[in-house]
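Participant: Fold the stuff below for me.
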Amino acid sequence: MHMDVFTLLGALAEGVLLGAILGGLGGLLGIGGGILAIPLLGGLFGMNQTLAQGTALVMMVPNVMLGFWRYRQRSPFPLLLAVRIGALSIVATWLAAQLALGLDKALLRQVFAAFMLALGVYFWRAAGQAAAANSTPWPARFLPGVGLVGGACGGFFGVGSGIVAAPILVRGFGKSQAEAQGLALALVVPAALVALGSYGQAGQVDWPLGLALALGGVMTVSPGVALAYRLPAALLRRLFALMLWLTAGLTLWLA
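Facilitator: Residues are numbered from 1 along each chain as shown. Prediction:
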């Protein structure tokens, strides 16, 4: 009995520490930290891909909300635009989450790893290009479509909506990197909530561990955001690419 209590407390303490590390990375790179959390939850806590994705979402929700607030403090953008993008992501997130819950766990892990590898290649190449934005920005009326694309990725993989949205906003719509990261987080918030509801309803969430991760994460998101504004954009993109490749490697190695 006592051993079980100490084992549980030890696991929760590990969760807080892991959440603090991931929260700092999430703030630095404008994400919720769930990308690295998923393979680590599988390797360190023995979770399958679906349970790891659902548990990571518990950490992501407060992380992305705090990150959104911090980015908007430093780079203000219209809240109405953020609401429009975020609202459209909800439907796409729910549909994609239902699809992911019905897939074979091993297949979902492999698709997730391939997705991370492809995104890593994109960000590494983008870091070496001088022009960040499209010379002829797409019409603003297409902006809500970013919510559809990002929401689909967020629902299917548990993470990824902001990762996909930010480069679309920069390269397609001519947004600055800081504004793009803030707007991307705006669509991550509702997407993460909808995805978490779907995974929770299916019983694919470890709530105690997820809350421990969230507790650690909220303590380090703000310092991560502050550091992001001190580093060159090209360096941030390369760091992002390295993190994506590391995630893909961990996903396959810890399977």
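Participant: Counting by contacts, list what the top helix by length along the chain packs against.
Facilitator: Longest helix in the chain by number of residues (criterion: DSSP state H): helix 2-29. Here helix 2-29 touches helix 34-45, helix 49-74, helix 207-218, helix 221-228, helix 233-253, going by 3 or more CB pairs under 8 Å, 6 or more residues apart in numbering; DSSP states H and E. All C-beta spots, glycine's among them, are computed from the backbone N, C-alpha and C.
Participant: between that helix and helix 207-218, how many degrees?
Facilitator: Counting by axes from the mean of the first three to the mean of the last three CA atoms, to 10 degrees, helix 2-29 points 40 degrees away from the direction of helix 207-218.
Participant: Please identify the buried residues of helix 2-29?
Facilitator: By neighbour count with 16 or more other CB atoms under 10 Å, helix 2-29 contains the buried residues 12, 14-16, 18-29.
Participant: And for stretch 105-119?
Facilitator: Using 16+ other CB under 10 Å as the test for burial, stretch 105-119 gives 108-109, 111-113, 115-117, 119.
Participant: now do stretch 86-94
Facilitator: Buried positions in stretch 86-94, judged by neighbour count with 16+ other CB under 10 Å: 86, 88-90, 92-94.
Participant: give me the number of residues near the nearest residue to V218 once chain neighbours are set aside?
Facilitator: Distances taken as CB to CB, 6 or more residues apart in numbering place P62 nearest to V218, at 5.2 Å, with adjacent residues excluded. For P62, the neighbour count with other CB atoms under 10 Å is 21.
Participant: G86: helix or strand, and which one exactly?
Facilitator: Assignment of secondary structure by DSSP states H and E places G86 within helix 79-101.
Participant: roughly how far out does that helix sit from the chain middle?
Facilitator: Taking CA atoms, centre = their mean, to the nearest Å, the mean C-alpha location of helix 79-101 is offset from the chain mean by 14 Å.
Participant: just stretch 244-252 next, same as before
Facilitator: Taking mean C-alpha positions (CA atoms, centre = their mean), stretch 244-252 and its chain are 14 Å apart.
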